[in-house]
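**Student:** Generate a structure from the sequence data that follows.
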Amino acid sequence: MAALAWVPALLWAQPADAERSCDPAAIDTALSNSPICPGDHVNLSVIATGDILGYSWEGPGTGTFFSFSPNYSFPFPILGEYTVIVYGECGNDTAVVAITAQGAGAGHDDTLHVCDNGPPRALEMSLGPHAAGGAWGFNELPHSGIYDPAIDLPGDYVYTAPFPATCPGTSQTATITVVETAVGRDTAITICESDSAFDLMGALAPGVASGGEWNRYVFISLVPHSGIYEPGIDSSGTFRYSVRGCFALVMITEDPLLPWFEDVDDDGFGDPLVMEWSCEHVPGYVADSTDNCIGVVGKVGEPCDDGLSETVDDMITDSCTCAGSLITGIRSPQDLLLPFSIWPNPNAGESLLLRTAEIGRGEVEVFDAMGRLHFSMGAMLSPEPLSIDLGERLAKGLYVVRVTANGRRGTVPLMIR
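**Tutor:** Residues are numbered from 1 along each chain as shown. Below is the predicted model of the structure:
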């Protein structure tokens, strides 16, 4: 036996006498031991005539081999088509031989262990050498021969060979008993840091096979785990339950405890002295803890409305009341009032123009009727009209525009329609 790489050198050989007659290689008969039985080699031979240099042999997935003999044996019984080439000085000839296992029967009985969350499996892989092309059945009903744990049931699957079983010790039928290990599908759960310790088995599907082991993924490694998750000690991660070669994952997200503060006046600010810890939002509580006026909407120093038309610049005082200054009080002396005008008014709530006699850096603010700040920007004021983009469109209602510059302040009502 020699490698096929030697063949070209042989083919290039030229006869010493150019006028000598030369007969091309011709295959009369290609022979094999097909159909083969379990344990047989694949034996091939050819009867050929002509001026022959050698032979090459190739099967499905076997590679190519060269010999000077018209006989060749492959030690493994791979079924399929084998190609034989006879090389001659004046030409080559090729034959194809089909190797089958028609007499090998249905193969042998076996037990196939599968996972209930595993992929489909071809049952014929468990038969061993057998005659292909037969029929599968389950509970006396036809079956595809592909076991899918998602839809099929464990039990006995019977294969019937399409040809008579002529090989020694073979039979016409074989049974593959499918045994399924239940581990269920992967699952994900969210818990709170304050929850009690619990058995991870409870996170798996009902009926999971017992006796397995738990591990936790740490980067790409598996670290043994007790299977009892203890919040506050364990942490978010992926846990793996394995039994009889099958496994399922439990992905846990542990939410931390957060402080929530009582918001009696529903202004979005919480009482720092009344707090609850929870992983989720507590009704009537907020995450903010800066309310310094419990029971009043807003905080000290924020604008409000005292309901009096004769006052301006209403704001929440240190005593948690809403109070403003009398108009006569803020206009004496007159130069403390900063006059300005805005238009259009009423307004669509998207932009407005502002003009004042003041020159210098100032601040423009917009408050709603409840004194809540909706817009604030710094601007360079001058007698020239200033275009102000209010950003997000304001809702319909009454607002107050306040301009502050050079120690002076003025307010103008704004109607959004």
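**Student:** V412: which element?
**Tutor:** Per DSSP states H and E: V412 is located in strand 408-416.
**Student:** likewise T175?
**Tutor:** Here T175 is assigned to strand 173-181, by DSSP H and E.
**Student:** Which residue ranges of this structure form helices?
**Tutor:** Taking DSSP state H to define them, one finds helices in the chain at 7-11, 327-330.
**Student:** ranking the ones you listed by mean pLDDT, which is last?
**Tutor:** Lowest mean pLDDT of these: helix 7-11, a mean of 43.
**Student:** Quick one: list the elements packing against the strand holding T175.
**Tutor:** strand 110-115, strand 155-160 (3 or more Cβ pairs under 8 Å, 6 or more residues apart in numbering; DSSP states H and E). Heads up, the C-betas are built off the backbone N, CA and C, glycines and all.
**Student:** Quick one, which of the ones you listed gets closest to V97.
**Tutor:** When those are compared by Cβ to Cβ, strand 155-160 sits nearest V97, at 26.5 Å.
**Student:** which residues in the stretch 151-300 of the chain form strands?
**Tutor:** Counting by DSSP state E, counting those that start in this stretch, the stretch 151-300 of the chain has strands at residues 155-160, 173-181, 187-192, 198-199, 213-218, 221-225, 228-229, 237-243, 246-255, 258-262, 271-278, 285-286.
**Student:** Quick check: which of the helices and strands packed on strand 173-181 is buried the most?
**Tutor:** Neighbour counts (mean count of other Cβ atoms under 10 Å) averaged over each of the helices and strands packed on strand 173-181 peak at strand 155-160, with a mean of 18.
**Student:** neighbouring strands for that strand, and are they parallel or not?
**Tutor:** Strands flanking strand 155-160 in the sheet, each with its direction: strand 135-138 (antiparallel), strand 173-181 (antiparallel) (DSSP bridges).
**Student:** Now the shortest one - C-alpha only, CSV.
**Tutor:** As requested, the backbone C-alpha atoms of strand 135-138 are provided in CSV (Å, rounded to 0.1, in the frame of the first residue of the first chain):
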residue,chain,number,x,y,z
ALA,A,135,-39.5,2.0,9.8
TRP,A,136,-39.9,3.2,13.4
GLY,A,137,-42.9,2.7,15.6
PHE,A,138,-44.1,3.7,19.1
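**Student:** what residues does it touch?
**Tutor:** Here strand 135-138 makes contact (Cβ atoms under 8 Å, 6 or more residues apart in numbering) with 123, 142-145, 152-153, 155-160, 162.
**Student:** For that strand, list every residue counted as buried.
**Tutor:** 136, 138 (16 or more other Cβ atoms under 10 Å).
**Student:** what does stretch 226-234 give?
**Tutor:** For stretch 226-234, using 16+ other Cβ under 10 Å, the buried residues are 229, 231, 234.
**Student:** so the first one touches S196, yeah?
**Tutor:** Looking back up the chat, that one is Y229. No: using Cβ atoms under 8 Å, Y229 is not in contact with S196, being 9.9 Å away.
**Student:** thinking again about what came up before, right, and the strands of the stretch 151-300 of the chain - which one's nearest G105?
**Tutor:** The nearest among the strands of the stretch 151-300 of the chain, by Cβ to Cβ, is strand 173-181 at 7.6 Å.
**Student:** Kindly calculate the angle that that closest one makes with strand 110-115.
**Tutor:** Orientation check (axes from the mean of the first three to the mean of the last three Cα atoms, to 10 degrees): strand 173-181 against strand 110-115 gives 30 degrees.
**Student:** could you give me the average pLDDT of strand 173-181?
**Tutor:** Throughout strand 173-181, pLDDT has a mean value of 97.
**Student:** now that strand against strand 246-255, angle please.
**Tutor:** With the same axes, to 10 degrees applied, the angle from strand 173-181 to strand 246-255 works out at 20 degrees.
**Student:** Just give me how far strand 173-181 sits from the chain centre.
**Tutor:** With Cα atoms, centre = their mean, to the nearest Å as the basis, strand 173-181 stands 33 Å off its chain's centre.
**Student:** now that strand against strand 237-243, angle please.
**Tutor:** 140 degrees.
**Student:** Please identify the buried residues of strand 173-181?
**Tutor:** Residues 173-176, 178, 180-181 are the ones in strand 173-181 that count as buried (16+ other Cβ under 10 Å).
**Student:** For that strand, list the C-alpha coordinates in CSV.
**Tutor:** Only the C-alpha atoms of strand 173-181 are listed here, as CSV (Å, rounded to 0.1, in the frame of the first residue of the first chain):
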residue,chain,number,x,y,z
THR,A,173,-36.5,-5.7,14.7
ALA,A,174,-34.7,-3.9,17.5
THR,A,175,-36.0,-1.8,20.4
ILE,A,176,-34.5,1.4,21.7
THR,A,177,-35.8,2.2,25.2
VAL,A,178,-35.8,5.9,25.9
VAL,A,179,-35.3,7.0,29.5
GLU,A,180,-35.9,10.7,30.2
THR,A,181,-34.3,12.6,33.1
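**Student:** Quick check: P272 touching F261?
**Tutor:** Yes: look at P272 against F261 with Cβ under 8 Å: they come within range, at 6.2 Å.
**Student:** what do these two both touch?
**Tutor:** 289, 291.
**Student:** These two: which has the busier surroundings?
**Tutor:** F261 (21 against 15; other Cβ atoms under 10 Å).
**Student:** The nearest residue to the more buried one once chain neighbours are set aside: neighbour count?
**Tutor:** Among residues not flanking F261 along the chain, G270 sits closest, at 2.6 Å (Cβ to Cβ, 6 or more residues apart in numbering). Neighbourhood size, G270 [other Cβ under 10 Å]: 23.
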